[in-house]
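1. Would you be able to build a 3D model of this:
(one chain, ligands or ions: 1)
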Amino acid sequence: MIIITVRDNLGKFWRAFTKIKGVREMIGFRKFSLTLLIFMLVLTAAACGNDTDAKPAAGSGEKYSFKLAHITPTDHMWHKAAEKFKEELEKNSDGRMTVEIYPASQLGSEADMVQQISSGSVDFGLITAAYMSSRAPAFTAWFAPYAFEDLKETNAARDTEIAKKILATLDDQGLKGLDYLFAGNRVMLFKDKEVKKPEDMKGLAFRVTPSPPLQDFYKSLGASPESLPLPEVYAAVQTGVIDGMDMDLDATITNKYHEVAKYAAVTNHMVWPSVAIMNKDKYEKLSDGDKKIVEDAIKVAADYSANTRASQEEEFKKTLSDTGMKVYEINQKLFEPYIKQFDEKYGPTDPLIQEFIDTFRK
Ligand code: BEZ
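-> Numbers count the residues shown, from 1 in each chain. Predicted coordinates for the structure are as follows:
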């Protein structure tokens, strides 16, 4: 476009210049042509160099080599979502942005990873909302029991004002909360007791992620919550240190808990988000175009995670049944008093938790 404009203007200049009396005779035609050619080249180069109005197609042209960390094994949905994020980011930046993924706690515990992200030695993390709730209490809201009908409805909640307000509570920790990625909802696994109603939980030593809202829910059911991180759970249930665990079907399969637990109550009582976070300083230094590339890539990964996982629910139940596990449901109505207790305890602790409850309770 610019080259065409310069060429047209030079054409006009040529015609006007050659009309000046005696010019051709003065310079001589050959010399004149050479002079004009050099003049055109200089002008064209200058015009291209000063193209301040031209906009790059996307992003800034900067190159980035990012690191992303998370805790799950490579066959868990969050790792697949991390790969999707990498693929999207690299594709949409035409290779300017690359991502190295560190799965399965390679960089330490979630506390270590968040520390590394806030200091900038790691750029991105997919960190459980359960852990994030220990740093920013509003994330507790996601553990309101039975707040959503299914994963589709849960995934749609990402786009609500309240979900975004909760992400924004990370702003003062050197972290940019980008989005949420959902794996399967929580279920209950039992080593050798078929629990048919909440009251059957009384006295069971039950593995629960070390996060107060999850632990309080199980205490209200009468169980004794044991705070075990994921890597210790298999041996603990195998040796009888615990009688069961709060888990998701994905991790049940990937960690082979069906080998050590006979019963799976598919309660879907809580959702299980990871929070996609980025070092805030690095996020803010990105051009607007690059911010959009990052945000779009995480959105695609989050939709991929929730939608793929939702379509696998029946297949996962069958996979577990086929191993000999008894897979069954417990009616949600039986949990109503415990849902109420949760809301009454946690709603008043934080206006954002109350807003979440008010938004999503039918
Ligand atoms: C858990 O601690 O139960 C867990 C963590 C990450 C993915 C799945 C389960």
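2. okay but Gly289 is in contact with Ser60, surely?
-> Yes: here Gly289 reaches Ser60: they are 6.1 Å apart, a contact under CB atoms under 8 Å. Using the backbone N, CA and C atoms, a C-beta is placed for each residue, glycine as well.
3. give me the residue from the stretch 151-300 of the chain nearest the ligand.
-> Closest residue of the stretch 151-300 of the chain to the ligand, CB to the nearest ligand atom: Ala251 (4.0 Å).
4. I'd assumed Ala264 was in a strand, is it?
-> Yes: assessed by DSSP: H, G, I helix; E, B strand; the rest coil, Ala264 belongs to a strand.
5. got a list of what the most centrally placed residue in the chain touches?
-> In the chain, the centroid-proximal residue (CA atoms, centre = their mean) is Ala276; its distance is 3.4 Å. Taking CB atoms under 8 Å, 6 or more residues apart in numbering, we find Ala276 in contact with 85, 124-126, 177-181, 298, 301-302.
6. By neighbour count, which of these wins?
-> Within the contacts of Ala276, most neighbours by other CB atoms under 10 Å means Leu126, with 32 neighbours.
7. three-state assignment of that residue?
-> Per three-state DSSP, Leu126 ends up strand.
8. One more: Ile162?
-> Strictly by three-state DSSP, Ile162 counts as helix.
9. how about it, what does it touch?
-> By CB under 8 Å, 6+ apart, the neighbours of Ile162 are 141, 352, 355-356, 359.
10. of those, closest to Gly120?
-> Leu352 (27.1 Å; CB to CB).
11. Surely that closest one is within a strand?
-> No: according to three-state DSSP, the state of Leu352 is helix, so it is not within a strand.
12. thought it was touching Thr169?
-> Yes: taking contacts as CB under 8 Å, Leu352 lies within contact range of Thr169: 7.1 Å.
13. got any residues that touch both of these two?
-> In contact with both Leu352 and Thr169: Ala138, using CB under 8 Å, 6+ apart.
14. ok, back up a step: write a ChimeraX command that selects only the buried members of the contacts of Ile162.
-> ChimeraX command restricting the contacts of Ile162 to the buried ones, with burial defined by 16 or more other CB atoms under 10 Å:
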select :141,352,355,356
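15. Now do Thr128, the pLDDT please.
-> Thr128 carries a pLDDT value of 97.
16. Ramachandran angles for the closest residue to it other than its chain neighbours?
-> Ranked by CB to CB, 6 or more residues apart in numbering and with sequence neighbours excluded, the top spatial neighbour of Thr128 is Ser274, at 5.6 Å. Note on Ser274: its backbone torsions stand at phi -100, psi 150 [degrees, to the nearest 10].
17. Who are the contact partners of Ser274?
-> Applying CB under 8 Å, 6+ apart, the residues near Ser274 are 70, 78, 126-129, 180-183.
18. got those residues as CSV, with distance to the ligand columns?
-> Below are the contacts of Ser274 laid out as CSV (distance: CB to the nearest ligand atom, whole Å):
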residue, distance to the ligand
His70, 8
Trp78, 7
Leu126, 9
Ile127, 10
Thr128, 5
Ala129, 10
Tyr180, 14
Leu181, 11
Phe182, 11
Ala183, 6
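19. In strands, which of these appear?
-> When DSSP state E is applied, the contacts of Ser274 are split such that 70, 126-128, 180-182 fall in strands.
20. Reformat the residues you listed as JSON lines; add distance to Asp150.
-> Below are these laid out as JSON lines (distance: CB to CB, whole Å):
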{"residue": "His70", "distance to Asp150": "24"}
{"residue": "Leu126", "distance to Asp150": "22"}
{"residue": "Ile127", "distance to Asp150": "24"}
{"residue": "Thr128", "distance to Asp150": "20"}
{"residue": "Tyr180", "distance to Asp150": "16"}
{"residue": "Leu181", "distance to Asp150": "16"}
{"residue": "Phe182", "distance to Asp150": "11"}
